[in-house]
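**Student:** coords please:
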Amino acid sequence: MSDFNLIQDIWQNAATPEPEDISVIIADIKKKRRQMLRKLLFGIVSLTGALAMIVWVLFGYDAKIITTRIGTIIVIIATLGGIILNSQLLNYLRKPLDPDTDTKAYLAKMKAYQKTQQFMHTRGSLIYFIVLTTGMILYMYEFTHGKLFYILLDYGLTLSWIAFAWFYLRPRTIRRESKKLNSVIEHLERIAKQVEEE
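**Tutor:** Numbering: from 1, shown residues only. As a prediction, this is how the structure comes out:
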């Protein structure tokens, strides 16, 4: 019975946590939003640069086999898809609501962003990788056709890089981005709850 009384005393005398300083949380949310925005902009600029190079190759290289042109067009489609998906995410962050004044609307916007991001990380990236891999395989066929060493080297390196990106880089990126976004949403939910209690 004394153990129960001891636990009860600890429970009753435990300090109730002070409400967090909302301005600190808001500053952290804005910082994370800027980081996400920069990453998306960098992705869009990188993909646009890659797209320009691929289009230059399409028109600058005189392919002897039709698979080379088909592969290049498929890679262009994959790259455009990546730009479109990143642009959709960018639209959620470009004109932010102010979390100081409208926490619930900002929270709803971040949850919509999270839903779109989850689609992008699952189906979007799967489609992107399949289309990109198909295009690259078709593109490289002209250069490796009939040369076993180059088939093994080129396809081996390309498929190894794609597997590394899919099985290692992609999950790490998803975890890091999800953790950051979950933190923002969690902070916004706490602010909304704190505002309701006041």
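**Student:** isn't Y141 right next to T67, touching?
**Tutor:** Yes - using Cβ atoms under 8 Å, Y141 makes contact with T67 at a distance of 4.6 Å. For glycine as for every other residue, the C-beta is placed from the backbone atoms N, C-alpha and C.
**Student:** how about the longest helix along the chain: buried residues?
**Tutor:** When the chain is scanned for its longest helix (criterion: DSSP state H), the result is helix 22-60. Within helix 22-60, the residues that count as buried by 16 or more other Cβ atoms under 10 Å are 22, 25-26, 29, 33, 36-37, 39-40, 43-44, 47, 51, 54, 58.
**Student:** Closest one to F167 out of these, please.
**Tutor:** When these are compared for distance to F167 (Cβ to Cβ), G43 wins out at 20.0 Å.
**Student:** who's in contact with the closest residue to the closest one other than its chain neighbours?
**Tutor:** The spatial neighbour of G43 that comes closest, neighbours along the chain excluded (Cβ to Cβ, 6 or more residues apart in numbering), is N86 at 4.8 Å. For N86, the contact set (Cβ atoms under 8 Å, 6 or more residues apart in numbering) comprises 40, 43-44, 47.
**Student:** Repeat the analysis, applying 10 Å as the threshold.
**Tutor:** 39-48, 120, 124 (Cβ atoms under 10 Å, 6 or more residues apart in numbering).
**Student:** now it: how far from Y139?
**Tutor:** 23 Å (Cβ to Cβ, to the nearest Å).
**Student:** Over to L51?
**Tutor:** For L51, the distance to Y139 equals 15 Å [Cβ to Cβ].
**Student:** before we move on, what about Y168?
**Tutor:** Look at Y168 and Y139: by Cβ to Cβ, they are 24 Å apart.
**Student:** and what of G124?
**Tutor:** Look at G124 and Y139: by Cβ to Cβ, they are 22 Å apart.
**Student:** of these two, who's got more company?
**Tutor:** Ranked by neighbour count (other Cβ atoms under 10 Å), G124 and Y139 place Y139 first, with 25 against 20.
**Student:** I'd like to know how many residues surround the nearest residue to that one once chain neighbours are set aside.
**Tutor:** What sits nearest to Y139 in space, not counting adjacent residues and going by Cβ to Cβ, 6+ apart, is G71, at 3.1 Å. Number of residues near G71 (other Cβ under 10 Å) recorded here: 22.
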